[in-house]
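K.L.:
only geometry, no sequence info:
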DNA sequence: CTATAACAATAGTATTACTATCATTTTAGT
DNA sequence: ACTAAAATGATAGTAATACTATTGTTATAG
């Protein structure tokens, strides 16, 4: 598989971490640390110790912890969109395409050799546990103006376009897709921590597969009700 | 309308804030302050100034800011469940009941005279902006063991029961309902701050009404597909 | 081979999230 | 009305956090 680099919006960082060894170390180790400690207990101090550098050096790459989080989440959505693009390329049937998209959105991530140092499965856990915190802030409008959420919005738009291919008259393609993208990780969280909120059983891969079926069914039934009433 | 008191799980507080004037002031003012400042900028110091008391006094009611947030969110879900119970009482048709439930879940809240000092519309904004932070933490399992999330779980269970009345064979009642409860506030947030993620237009009441239609349609089509294929 | 960028080392600050102690006020029961 | 207990206020203190600033050292690119 080819070695790739996802181009990130330059407002996400002060200095592109993909350009230097230290920068890449910041990314890789912050993924591991946030996954371990949770965002609240994660600090630049701890990260600087983990990468055997200093707080000051990290601040040259990222304005603060929030921006670093937003960067990681944005990277994840970019990566996911890239894979959906790749896997639906040359597929003609819109229904087949939505099946592929929902599969990629809901599947459990494993190491991807295209990005050798990034632990995609840890990053997916971060998305599950922390991604909502990236936008649930008072600065959301400023951040949005800087384009920090372009990754998620672009992914949503792409999948919504497939939805409209299936049924151009469906009224809520973007709402439906953003709901599904959110549910894709929320249901995993619920089934692990608040199991009565979900019907999926948190055992090995099963929960991911049940979630895929649940969400694909929800999408298809919403978009294409079979009774012709719409 | 009768004056009511929602009984809260005693693990949510050190001393029941509903018992004293100071306690009620803590609740009322914290709702206003968190709504204004956002959870991150909200501190017990600022709250103590707002209520003309001291940090120490607040700490006698709540262990910390996190517990206070969880308390407020739990109060909201309890209140919502109570209203759903009330409004669906004596309604026979399950479809009518789900319509009422979705309406209450998605409607914009106004002052409710039963709880004179609580600003329910500010509290709803807190639920929209901050509620996910109540459980997206490393302590979620401990908090859950203490029953801190009973309000949300109980609400989900109640609505899931209505779903099963409509179709006892539907496989994902809890997943569907928790997804809807989440989407109910997420879509409001999106339409205001990240409008490309939603099809609802953020203007006055409209967004709430569009959201209701979107979610009710989603529920009904998911639960009761008309083609008899299931 | 030097100029410049990158990084390390260190120090310092305001704020936060508490804990502790003791004094004062309020309230409840007799 | 009196007293014990509970509730609250006032004040102080601490470790950690989220930065900013400065200066010195090491890489590396032209």
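P.N.:
Yep, it's here. Predicted model only: the values in this text are computed from it and were never measured.

K.L.:
only C-alpha atoms for contact and neighbour calcs from this point on.
P.N.:
Noted.

K.L.:
Kindly check the end-to-end length of stretch A:137-150 for me.
P.N.:
End-to-end distance for stretch A:137-150: 17 Å, by Cα to Cα, to the nearest Å.

K.L.:
Identify all contacting residues around stretch A:90-106.
P.N.:
Residues from elsewhere that reach stretch A:90-106, judged by Cα atoms under 8 Å, 6 or more residues apart in numbering or on different chains: A:80, A:83-84, A:87-88, A:159, A:162-163, A:165-166, A:181, A:184-185, A:208-209, A:211-212, A:215-216.

K.L.:
ugh, wrong one, I meant stretch A:170-182
P.N.:
Here stretch A:170-182 has contacts from A:105, A:156-157, A:159-161, A:163-164, A:215, A:219, A:223-224, B:179, B:183, B:187, B:196-200, B:214, using Cα under 8 Å, 6+ apart.

K.L.:
thinking again about what came up before, show me just the buried residues among the contacts of stretch A:90-106.
P.N.:
A:80, A:83-84, A:88, A:159, A:162-163, A:165-166, A:181, A:184-185, A:208, A:211-212, A:215-216 (16 or more other Cα atoms under 10 Å in any protein chain shown).

K.L.:
ok, back up a step: which members of the contacts of stretch A:170-182 occur in helices, if any?
P.N.:
Among these, the members falling in helices (DSSP state H) are A:105, A:156-157, A:159-161, A:163-164, A:215, A:219, A:223, B:179, B:183, B:187, B:214.

K.L.:
Buried subset of those as a ChimeraX selection?
P.N.:
To isolate the buried members of the ones in helices among the contacts of stretch A:170-182 in ChimeraX, using 16+ other Cα under 10 Å:
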select /A:105,156,157,159,160,161,163,164,215,219,223 /B:179,183,187,214
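
K.L.:
Once you drop chain neighbours, what's closest to residue A:154?
P.N.:
Once flanking residues are discounted, residue A:154 sits nearest to residue A:81: 8.0 Å by Cα to Cα, 6 or more residues apart in numbering or on different chains.

K.L.:
buried residues in the helix or strand that contains the one you found?
P.N.:
Following DSSP states H and E, one finds residue A:81 within helix A:65-88. Within helix A:65-88, the residues that count as buried by 16+ other Cα under 10 Å are A:65, A:67-81, A:83-85, A:88.

K.L.:
now do stretch A:145-153
P.N.:
Neighbour counts over stretch A:145-153 (16+ other Cα under 10 Å) mark A:148-153 as buried.

K.L.:
burial count for the closest residue to DNA strand C within chain A?
P.N.:
Closest to DNA strand C within chain A is residue A:53: 4.0 Å, counting by Cα to the nearest atom of the strand. Number of residues near residue A:53 (other Cα atoms under 10 Å in any protein chain shown) recorded here: 14.

K.L.:
Secondary structure class of it, three-state.
P.N.:
coil (DSSP: H, G, I helix; E, B strand; the rest coil).

K.L.:
Report the contact partners of residue A:8.
P.N.:
So residue A:8 contacts A:74-75 (Cα under 8 Å, 6+ apart).

K.L.:
how would you label it: helix, strand or coil?
P.N.:
coil.

K.L.:
per-residue pLDDT, it?
P.N.:
Looking at residue A:8, its pLDDT is 96.

K.L.:
how close does it sit to residue A:70?
P.N.:
Separation of residue A:8 from residue A:70 (Cα to Cα): 11 Å.

K.L.:
Overlap of the contact sets of those two?
P.N.:
Common neighbours of residue A:8 and residue A:70 (Cα under 8 Å, 6+ apart) do not exist.

K.L.:
how long is stretch A:198-207 end to end?
P.N.:
Start-to-end, stretch A:198-207 (Cα to Cα) is 10 Å.

K.L.:
pLDDT at residue A:229, what is it?
P.N.:
pLDDT, residue A:229: 44.

K.L.:
Equivalent analysis for residue A:100, please.
P.N.:
98.

K.L.:
Which helix or which strand is home to it?
P.N.:
Per DSSP H and E: helix A:94-106 holds residue A:100.

K.L.:
check whether whatever helix or strand comes next after that helix contacts chain B.
P.N.:
Past helix A:94-106, further along toward the C-terminus, the next helix or strand under DSSP H and E is helix A:120-130. Yes - for helix A:120-130, a contact with chain B is found by Cα under 8 Å from any Cα of the partner chain, at A:129-130.

K.L.:
pLDDT of the helix or strand following helix A:120-130, averaged?
P.N.:
Moving toward the C-terminus from helix A:120-130, the next helix or strand (DSSP H and E) is helix A:140-145. Average pLDDT, helix A:140-145: 98.

K.L.:
which of the residues in helix A:140-145 are buried?
P.N.:
A:140, A:143.

K.L.:
Pull the distance from that helix to the chain's centre.
P.N.:
Relative to its chain's centre, helix A:140-145 lies at 18 Å (Cα atoms, centre = their mean, to the nearest Å).

K.L.:
Okay, now the unreliable bits of chain A?
P.N.:
Applying pLDDT under 70 to chain A flags the ranges A:1, A:227-230.

K.L.:
please redo it, this time with the cut-off set to 50
P.N.:
Confidence mapping of chain A against pLDDT under 50 gives the ranges A:228-230.

K.L.:
Pull up the residues of it that are close to DNA strand C.
P.N.:
Chain A has residues A:20-23, A:52-57, A:60 near DNA strand C, with proximity defined as Cα under 7 Å from any atom of the strand.

K.L.:
between those, which is nearest DNA strand D?
P.N.:
Distances from DNA strand D to these, taken by Cα to the nearest atom of the strand, are shortest for residue A:56, at 4.9 Å.

K.L.:
Can you give me the buried ones in the helix or strand harbouring that closest one?
P.N.:
Using DSSP H and E, residue A:56 sits in helix A:55-61. For helix A:55-61, burial by neighbour count (16+ other Cα under 10 Å) applies to A:58, A:61.

K.L.:
tell me what it is packed against?
P.N.:
helix A:44-50 (3 or more Cα pairs under 8 Å, 6 or more residues apart in numbering or on different chains; DSSP states H and E).

K.L.:
Done for today, thanks.
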